[in-house]
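quick one, fold the following:
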Amino acid sequence: MKSLALGVAALAGLALATTAARADVTVGFVTSLSGPASSIGLNYDNGMKAAYAYQSEVGGQHIKLIKLDDGSSPTAATQAARKLIQEDHVDLLIGTSSAPGANAMLSVANELHVPFIAISPVNLKVPEHPWGICITQTPNLMVSVIADRMKRDGIKSVGVIGFSDAWGDLVYNGAMAASKEGDPKVTSNERYARTDTTVTAQALKVIATKPDAVLDGGSATQGALPLLTLRQLGYKGPFFGTPSLLNKDFVRVGGKAVEGIQVSAGPVIVTDQLPADHFSKKIGTAFHDVFRKITGGAADDGFSGYAFDAWVVFLHAADKALGDHVKPGTQDFRDAVMNAIYSDKEIAGVHAVYNFTPKSYYGVDKRSLVVVKLEGGKWVYQP
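Sure, this is the predicted structure:
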């Protein structure tokens, strides 16, 4: 586990004053800067850099941000969460780049009673996980929106191939839920490990079920592997996917094989294509502007936006807690932040309008998703 302490003095080369005063509000951020999930983790990292540049204080108090690399390991994510809580006394946790790692952090947050904002889909259960919320769209919602598009396009059956882990489970379960509601019939449930270099056997089994289309239950770079293999084996049907594929490495590695794939996506992916009155237009434009300024490139993925939205939700909650004159660094402040997250309503982010409650740890609705199509290597809004 690599430790990268990011305080008021250092984040993405920002020239912030180095003062002796300790930051009053402390946030722990865990992402994967190395390992198989790093192609996603680096996007989260860039999103957090943009978020910190967007606003590095709240309620008149500076924010101290501590970043740790979990190396794409759930075990390291657990260790990172414990260190941040027990040694650095953070007021809130944000992380990490994979569903297994985020689930590991969730367990620690609930055990030690610290607010946790997951930026990867996690298995949140009411009321067992009161200290965790998830900033992403629900997997069922991600799949149901794309299943609606399949149905509109006349797709009657779909083969599913995805990761052999929690994320693969979430996508498959979402497809089955949509199928039970009359959307495309699921013909296969093939899995592969994130570290696999071949999926020929699984792809052949998918093709054998003769699906009208294939739903990709992978993510980022590794999500391109089954689609490349299916095309190499002669499969001609259309591909569909979830926001987990919104990654430049997926586009680069997939090449012509993934052209035309339709994916459910947070509106931040196509901010410049949205109508002026869309909830994400103003804050999304601000996000893209600061992202470009800090990183020197475009935010052409969905993951950086999740990190940014986690920060937005945190800022609103911390401001409310500070307004109640609760001292940061105490359990009372952690309680106040968690309560504020549940009481804040209609918080507009780049991905969604957030409404969390003790009975809804995923605080999003269908406003949080659009459909985009990969055309010429670019994601194009499909109203």
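
is D88 part of a helix or strand, or is it coil?
coil (DSSP: H, G, I helix; E, B strand; the rest coil).

for it, give me the pLDDT.
Looking at D88, its pLDDT reads 96.

so which helix or strand takes in the closest residue to it other than its chain neighbours?
Excluding the flanking residues, the one nearest D88 by C-beta to C-beta, 6 or more residues apart in numbering is I66, at 5.5 Å. (C-beta placed from N, C-alpha, C; glycine too.) Element membership for I66, per DSSP states H and E: strand 61-69.

buried residues of that strand, list them for me.
Of all the residues in strand 61-69, those buried under the rule 16 or more other C-beta atoms under 10 Å are H62, I63, K64, L65, I66, K67, L68, D69.

tell me which strands it pairs with, and in which orientation.
Using DSSP bridges, the strands paired with strand 61-69 in its sheet are strand 2-6 (antiparallel), strand 25-31 (parallel), strand 57-58 (antiparallel).

tell me which residues in stretch 278-286 are buried?
For stretch 278-286, the neighbour count (16+ other C-beta under 10 Å) marks F279, S280, K281, I283, G284 as buried.

can you pull out the residues in contact with it?
Residues from elsewhere that reach stretch 278-286 (C-beta atoms under 8 Å, 6 or more residues apart in numbering): 54, 266-268, 271-272, 274-275, 305, 312, 348-351, 353, 367.

state the mean pLDDT of that stretch.
Mean pLDDT, computed over stretch 278-286, is 97.

kindly export it (C-alpha atoms) in PDB.
Output of stretch 278-286 as PDB, limited to C-alpha atoms (Å, rounded to 0.1, in the frame of the first residue of the first chain):
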ATOM      1  CA  HIS A 278     -30.200  20.000 -18.100                       C
ATOM      2  CA  PHE A 279     -29.300  19.700 -14.400                       C
ATOM      3  CA  SER A 280     -25.800  18.700 -15.200                       C
ATOM      4  CA  LYS A 281     -25.000  21.400 -17.800                       C
ATOM      5  CA  LYS A 282     -23.700  24.100 -15.400                       C
ATOM      6  CA  ILE A 283     -21.800  22.100 -12.900                       C
ATOM      7  CA  GLY A 284     -20.600  19.700 -15.600                       C
ATOM      8  CA  THR A 285     -19.200  22.600 -17.500                       C
ATOM      9  CA  ALA A 286     -17.400  23.800 -14.400                       C
END
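
does A177 touch V143 like I think?
Yes - between A177 and V143 there is a contact at 7.4 Å, judged by C-beta atoms under 8 Å.

comparing those two, which shows the higher neighbour count?
Using other C-beta atoms under 10 Å as the criterion, A177 and V143 rank with V143 on top: 31 against 15.

hang on, the earlier thing: mind putting the buried residues of strand 61-69 into JSON lines with pLDDT and distance to Y362?
As requested, the buried residues of strand 61-69 are arranged in JSON lines below (pLDDT from 0 to 100; distance: C-beta to C-beta, whole Å):
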{"residue": "H62", "pLDDT": "95", "distance to Y362": "31"}
{"residue": "I63", "pLDDT": "97", "distance to Y362": "25"}
{"residue": "K64", "pLDDT": "97", "distance to Y362": "28"}
{"residue": "L65", "pLDDT": "98", "distance to Y362": "25"}
{"residue": "I66", "pLDDT": "98", "distance to Y362": "26"}
{"residue": "K67", "pLDDT": "98", "distance to Y362": "25"}
{"residue": "L68", "pLDDT": "98", "distance to Y362": "25"}
{"residue": "D69", "pLDDT": "98", "distance to Y362": "26"}
